[in-house]
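> Starting from these lines, generate the structure:
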Amino acid sequence: MLNKYARAFFSRLFSPPARLLIRLGVSPDAVTIIGTLGVCVGALVFYPLGQLFWGTVFITVFVFSDMLDGIMARMLERRSHWGSFLDSTLDRLADAAVFAGVAVWFFTGGANVPVAVAALLCLVLGSLVSYARAKAESLGCTADVGIAERSERLVAVLVFTGFTGLGLPEAVLLTVLVLLAAASVVTVIQRVAAVYRQTRSTV
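Predicted structure coming up:
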C-alpha cells in the first residue's frame with residue numbers, strides 16, 4: 001500500500017540526484033550495494049550500542065537508495081534480471097540486519113527479552129513473507145497481496161525504534177513488533193491462499 005501511494009512522490013523527489021549520479025558514472029548496482037552496506041552498518045553497529053535514534057537516522061539515509069537505484073535503472077532503461085535479483089536479495093539482507101540489530105540490543109544492554117524475541121519473530125516471518133512471493137513467482141503465479149509488505153514493516157520498525165531511542169516507552173515498540181509479526185502471519189496466509197486459488201484453477 002505504501003509503495004502504491006508514495007512511488008510517484010519519491011520518484012519526483014529523487015529524480016535530480018539520480019540524474020547527477022548517472023552523469024558521474026555511478027551505476028544503479030553500485031547504489032544498491034552502498035545502500036545495503038549503509039543500512040547494515042547502522043543496524044549492526046549503532047543499534048547494538050544502544051544508539052537507537054541515531055542508528056535510525058543513519059539507516060534512513062541509506063534506505064532511500066532503494067528508491068534511487070530503481071529510478072536510475074528506469075532512466076537508463078535497464079531492466080535486467082541481474083539488477084532485479086541483486087536488489088531483491090540485498091533488500092532481504094538489509095531487512096534482516098535491522099531486526100537483528102534491534103534484537104541484539106534488547107538481548108544485551110537493552111535488557112528487554114520480550115522486545116528482542118518479537119524482533120526475531122519479525123525477522124523470520126518477514127523472510128517468509130518474501131519467500132512466499134518469490135516461490136509463487138517462480139511457479140508462474142502472483143502473490144503480491146498482503147497487509148504487511150516490506151515498506152510497511154520497515155517504516156514501522158524504524159520509526160518506533162527511533163522514537164524509543166528518544167524516550168518512547170519500550171512497551172510501545174513491543175506492541176508494534178508484535179503487531180508486525182501478526183500482520184506478517186496474515187500476509188503469509190493471504191499469499192498461500194492466492195497461490196492455492198491460482199493453482200487450483202489450472203487443474
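> for the closest residue in space to residue 50 that isn't next to it in sequence, what are its contacts?
Using C-beta to C-beta, 6 or more residues apart in numbering and skipping the chain neighbours, the partner closest in space to residue 50 is residue 109 (5.2 Å). Just so you know, the C-beta spots here come from the backbone N, C-alpha and C atoms, and that holds for glycine as well. Counting by C-beta atoms under 8 Å, 6 or more residues apart in numbering, residue 109 touches 48, 49, 50.
> out of these, who has the most neighbours?
residue 48 (20 neighbours; other C-beta atoms under 10 Å).
> Please tell me how far the closest residue in space to that residue that isn't next to it in sequence sits from residue 71.
Leaving out its chain neighbours, the residue that sits closest to residue 48 by C-beta to C-beta, 6+ apart is residue 104, at 4.5 Å. Per C-beta to C-beta, to the nearest Å, residue 104 is found 33 Å from residue 71.
> again with residue 122
28 Å.
> Residue 132 reaches residue 191, doesn't it?
Yes - using C-beta atoms under 8 Å, residue 132 makes contact with residue 191 at a distance of 4.2 Å.
> Now do the shared contacts for those two.
Common contacts of residue 132 and residue 191 (C-beta under 8 Å, 6+ apart): residue 143.
> Settle it for me: which of these two has more neighbours?
residue 191 (24 against 20).
> Which strands or helices does the helix or strand the more buried one falls within pack on?
Using DSSP states H and E, residue 191 falls within helix 170-201. Helix 170-201 is packed against helix 113-138, helix 150-165, with contacts defined by 3 or more C-beta pairs under 8 Å, 6 or more residues apart in numbering; DSSP states H and E.
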